[in-house]
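Asker: Predicted coordinates and the sequence they were generated for:
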Amino acid sequence: MKKALLSILLVVALVAGLASVSFGASQKAGDVDFDGLVTAEDALLVLRATSGTTNLSSAQISAADVTYDGKVNSVDALRILLYVCGSINSLDKLGGEEGDDIII
């Protein structure tokens, strides 16, 4: 009985470990709160981090840096908002300077 319970626990732990690995691989650029969607809430988290009122994990920083310049700042928040409202089609890395698709 103990061996069967231990085997079940090991299988559950293995499946949970694989699920977390898969989640990391499917992380979306701009999805700072990891809810599977890119929303204005993600941009708000970036602004809060920029102002120092929120600390982001290293994974969140990676998701928040949608200008791909190694920094998280208000330009990243703006780019996320532009994506959310449909002004830009993608948060993928583009050629040129940071935020080069932002037209104000």
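Answerer: Looks like it arrived, so ask away. Bear in mind the structure is a predicted one, so any value in this text is a computation, not a measurement.

Asker: residue contacts, residue 40?
Answerer: For residue 40, the contacting residues are 80, 81, 84, by Cβ atoms under 8 Å, 6 or more residues apart in numbering. No exception for glycine: its C-beta is placed from N, CA and C like everyone else's.

Asker: Take those and write them to TSV, including pLDDT, distance to residue 90 and neighbour count.
Answerer: What follows is these, written out as TSV (pLDDT from 0 to 100; distance: Cβ to Cβ, whole Å; neighbours: other Cβ atoms under 10 Å):
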residue	pLDDT	distance to residue 90	neighbour count
80	96	12	29
81	96	14	20
84	96	12	18
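
Asker: Out of those residues, the closest to residue 37 would be?
Answerer: Taking Cβ to Cβ as the measure, residue 37 lies nearest residue 84 of those, at 9.3 Å.

Asker: surely that closest one meets residue 37?
Answerer: No - between residue 84 and residue 37 there is no contact under Cβ atoms under 8 Å: 9.3 Å.

Asker: before we move on, the earlier item: mark which of the contacts of residue 40 are part of helices, please.
Answerer: Counting by DSSP state H, the contacts of residue 40 place 80, 81, 84 in helices.

Asker: circling back to that earlier point, tabulate the contacts of residue 40 (CSV), appending distance to residue 32.
Answerer: Formatted as CSV, the contacts of residue 40 follow (distance: Cβ to Cβ, whole Å):
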residue, distance to residue 32
80, 8
81, 12
84, 12
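
Asker: which one of these is nearest residue 93?
Answerer: For the contacts of residue 40, the nearest to residue 93 is residue 80 (14.3 Å; Cβ to Cβ).

Asker: Could you pull up the residues touching the closest residue to residue 30 other than its chain neighbours?
Answerer: Distances taken as Cβ to Cβ, 6 or more residues apart in numbering place residue 38 nearest to residue 30, at 4.0 Å, with adjacent residues excluded. Going by Cβ under 8 Å, 6+ apart, residue 38 touches 28, 29, 30, 31, 80, 83, 84, 91.
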